[in-house]
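Asks: Below are the sequence and a predicted model; questions follow.
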Amino acid sequence: MRISVDHARCEGHGLCAGQAPDVFDLDDDAQVVYLFEGGTVPPEHLAAARAAVNVCPVAALRELQH
Amino acid sequence: MPRHPDVPAYVPDIYSAQSILDPYPHYAELRQLGPVVWLPKHGVYALPRYAECKAVLLDDKTFTSGEGVGLNPVTNRLSRGTTLNSDGEDHAGRRALVAHRLTPRALRTMTEAVERQAAEIVDAALARRDVDGVDIAEALPTAVVPDLVGWPQEHRKNLLSWGAATFDVLGPLNGRAAAATLRGLGVMRFARGVVRRRSVLPGSMGDDLLGAADEGRIARSECPALMIDYLVPSLDTTLSAIASALHLFATHPGQWQLLKDDPGLIPNAVNEVVRYESPLRAFSRKVAKDTEVAGTALRAGSRVLVLYASANRDALEWEDPDTFDIRRDASRQLGFGRGTHGCAGQGLARLEIQSMLRALVARVEKIVPTGEPEWGLNNIIRRLQRLPLELVPA
């Protein structure tokens, strides 16, 4: 699973980091940091990552199909 | 707009006084009828289930807000120019004006002050012991929001009544919407005066807004509507959630004990309160081009009603949806909307509600109901207007 992050949309609500702290973090400017940038989410974090994509209040996270 | 022949219809008025006071049986019937249900009384397609509500909110190109999110053409025309009622770049530009104020980072500087105010509110309530939970719920939003928005001191006592009116007129053109029209115009007149006299508080969101107008980033004529746009959705909604939390924990003492035993549940408890008693019951979207929802063809120009409060009780999405349980993961609830129009102030709302729960958990042993709660009548907002409680100190 890969995830795209739309930084223009992100407003730093931080709910993704709450759901999946091993996949997302917020930097000092409250912008989302995707900890597997450019790569795929390891299997052990898949469920949390999907939950995080699901709760983003501004739909800035998207699961890519391949 | 005539109804599609294959779509089930639901005749009862979901905006009657009786329906507003007890909406959930109606929503259950709508969900039972199907994913898309025609409401002949209002000429809209209701979306009562979670999956379709979410899909429509995420597809803001097909399901637009620019021609209004209310249920009557008058308000939908009058409220053009707000963030609520705009699409695409207009909307993104207006939203960007305020979003930076509402990020978790910006809110961090407010956290301590909000938590201190919450503690003071709970201490004062405990000193009275017998209280109206609505007064407690009102105290924090009305202390925090007007200063943040920069609304001048005058007329602050009118803000709640103006806010309720501004929501009422977003419903269908019923008696409540008609009665609220004059008060709605009153808030608009006052907001125009605030912009003309520049009487916003320095350093506030309103101050930013006028600065953006000075620099030509937005038209000055947009400012009054945007001032209302910042203020109104930030009061009644948060108040509703705090009052519902008090009511739910008073009537579910086992859940209150869980929260006391593990205050780490507080952030999720906020989601569960908003899921269970969604402060905004529904807004609409206009269908911009011929499309399909759950196999039902919808013509361009028709209107869909996104029933957040029903989606949040949909058994296809939630196990045992009519049970209040702060241990379930309620983070995907739709009470704050979702996508480009998702509530911009939800970080602040969460901060306020969580601060109140933290202050209560630390100081209150039990919340005991002492009389029948009364729900208010509003076309959009679900909120208590009277909640007799006894707070037993820890």
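Replies: All right, it came through fine.

Asks: Pull the contacting residues for A:N54.
Replies: By CB atoms under 8 Å, 6 or more residues apart in numbering or on different chains, the residues touching A:N54 are A:19, B:331-332. Bear in mind the C-beta positions are built from the backbone N, C-alpha and C, glycine included.

Asks: try 10 Å
Replies: A:15-16, A:19, A:61, A:63, B:54, B:331-332, B:338 (CB atoms under 10 Å, 6 or more residues apart in numbering or on different chains).

Asks: Quickly find the element holding it.
Replies: Here A:N54 sits within helix A:46-55, counting by DSSP states H and E.

Asks: Using PDB, write down the CA coordinates of the next helix or strand along the chain from that helix.
Replies: Remark: after helix A:46-55, the chain's next helix or strand is strand A:61-64, criterion DSSP H and E. Written as PDB, here are the backbone C-alpha positions of strand A:61-64 (Å, rounded to 0.1, in the frame of the first residue of the first chain):
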ATOM      1  CA  LEU A  61      -4.600  11.500   2.400                       C
ATOM      2  CA  ARG A  62      -5.300   9.000  -0.400                       C
ATOM      3  CA  GLU A  63      -4.600   5.300  -0.700                       C
ATOM      4  CA  LEU A  64      -3.000   4.600  -4.000                       C
END
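
Asks: Buried residues, strand A:61-64. List them.
Replies: A:L61 (16 or more other CB atoms under 10 Å in any protein chain shown).

Asks: Kindly spell out which helices and strands sit in contact with that strand.
Replies: Applying 3 or more CB pairs under 10 Å, 6 or more residues apart in numbering or on different chains; DSSP states H and E, we find strand A:61-64 packed against strand A:2-5, helix A:46-55.

Asks: Alpha carbons only: can I get the shortest one in CSV?
Replies: It stands for strand A:2-5. What follows is strand A:2-5, C-alpha atoms only, in CSV (Å, rounded to 0.1, in the frame of the first residue of the first chain):
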residue,chain,number,x,y,z
ARG,A,2,1.2,3.5,-0.9
ILE,A,3,-0.3,6.7,0.3
SER,A,4,-0.3,10.1,-1.3
VAL,A,5,-0.3,13.2,0.8
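
Asks: That one near chain B at all?
Replies: No. Strand A:2-5 stays clear of chain B (CB under 10 Å from any CB of the partner chain), getting no nearer than 14.4 Å.

Asks: now for the helix or strand following that strand, which elements pack on it?
Replies: Elements were assigned by DSSP H and E; along the chain past strand A:2-5, the next helix or strand is helix A:15-19. Of the remaining helices and strands, those touching helix A:15-19 by 3+ CB pairs under 10 Å, 6+ apart are strand A:24-26, strand A:32-34, helix A:46-55, helix B:266-276, helix B:346-363.

Asks: who touches helix A:15-19?
Replies: A:3, A:5, A:10, A:23-26, A:32-35, A:47-58, A:60-61, B:104, B:267-268, B:271, B:329, B:331-332, B:336, B:346-347, B:350.

Asks: Could you say which of the helices and strands packed on strand A:61-64 is packed most deeply?
Replies: Comparing those by mean neighbour count (mean count of other CB atoms under 10 Å in any protein chain shown), helix A:46-55 comes out on top with a mean of 19.

Asks: Between helix B:266-276 and that one, find me the angle.
Replies: Here helix A:46-55 runs at an angle of 50 degrees relative to helix B:266-276 (axes from the mean of the first three to the mean of the last three CA atoms, to 10 degrees).

Asks: before we move on, what SS does B:I367 have?
Replies: strand (DSSP: H, G, I helix; E, B strand; the rest coil).

Asks: Equivalent analysis for B:T181, please.
Replies: helix.

Asks: My guess is it contacts B:V169. True?
Replies: Yes. Counting by CB atoms under 10 Å, B:T181 does reach B:V169; the two are 6.0 Å apart.

Asks: Between the two, point out the one with more neighbours.
Replies: B:V169 (26 against 16; other CB atoms under 10 Å in any protein chain shown).

Asks: Flag the shaky bits of chain B, pLDDT-wise.
Replies: Low-confidence segments of chain B (pLDDT under 70): B:1-4.

Asks: run the last query once more with 50
Replies: Scanning chain B for pLDDT under 50 picks out no residues.

Asks: what does it put close to chain A?
Replies: Looking at chain A, the residues of chain B close enough under CB under 10 Å from any CB are B:54, B:57-60, B:92, B:95-96, B:98-100, B:102-108, B:267-268, B:271, B:329-333, B:336-344, B:346-347, B:350.

Asks: mind redoing it with 8 Å?
Replies: Residues of chain B lying close to chain A by CB under 8 Å from any CB of the partner chain are B:58, B:99, B:102-106, B:267, B:329, B:331-332, B:336-340, B:342-344, B:346-347.

Asks: Who are the contact partners of B:V122?
Replies: B:136, B:356, B:359-360, B:363-364, B:391.

Asks: Redo those residues as CSV? Include neighbour count.
Replies: Formatted as CSV, the contacts of B:V122 follow (neighbours: other CB atoms under 10 Å in any protein chain shown):
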residue, neighbour count
B:I136, 24
B:M356, 29
B:A359, 22
B:L360, 27
B:R363, 15
B:V364, 20
B:L391, 24
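
Asks: just those residues now: which is nearest chain A?
Replies: B:M356 (19.4 Å; CB to the nearest CB).

Asks: and after the helix or strand B:L209 falls within, which helix or strand comes next?
Replies: Using DSSP H and E, the element containing B:L209 is helix B:205-214. For helix B:205-214, the following helix or strand on the C-terminal side (DSSP H and E) is helix B:223-231.

Asks: Show me what that next one is packed up against.
Replies: Applying 3 or more CB pairs under 8 Å, 6 or more residues apart in numbering or on different chains; DSSP states H and E, we find helix B:223-231 packed against helix B:88-99, helix B:133-149, helix B:159-168, helix B:175-197, helix B:205-214.

Asks: Contacts for it next, please.
Replies: Contacts of helix B:223-231 (CB under 8 Å, 6+ apart): B:79, B:81-84, B:94, B:97-98, B:145-146, B:149, B:151, B:159, B:163, B:166, B:187-188, B:191-192, B:194-195, B:200, B:205-206, B:209-210, B:213, B:218.

Asks: Only the buried members of the residues you listed: can you turn that into a PyMOL selection?
Replies: Buried members of these, defined by 16+ other CB under 10 Å, are picked up in PyMOL with:
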select buried, chain B and resi 79+81+82+83+84+94+97+98+145+146+149+151+159+163+166+187+188+191+194+195+200+205+206+209+210+213+218
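
Asks: tally of neighbours for B:L173?
Replies: Neighbour tally, B:L173, other CB under 10 Å: 18.

Asks: Low-confidence stretches in chain A?
Replies: For chain A, no range has pLDDT under 50.

Asks: and the most centrally placed residue in chain A, bridged to which residues?
Replies: In chain A, the residue lying closest to the centroid (CA atoms, centre = their mean) is A:F24, at 5.0 Å. For A:F24, the beta-bridge partners under DSSP bridges are A:Y34.

Asks: I'm done for today, thanks for sticking with me.
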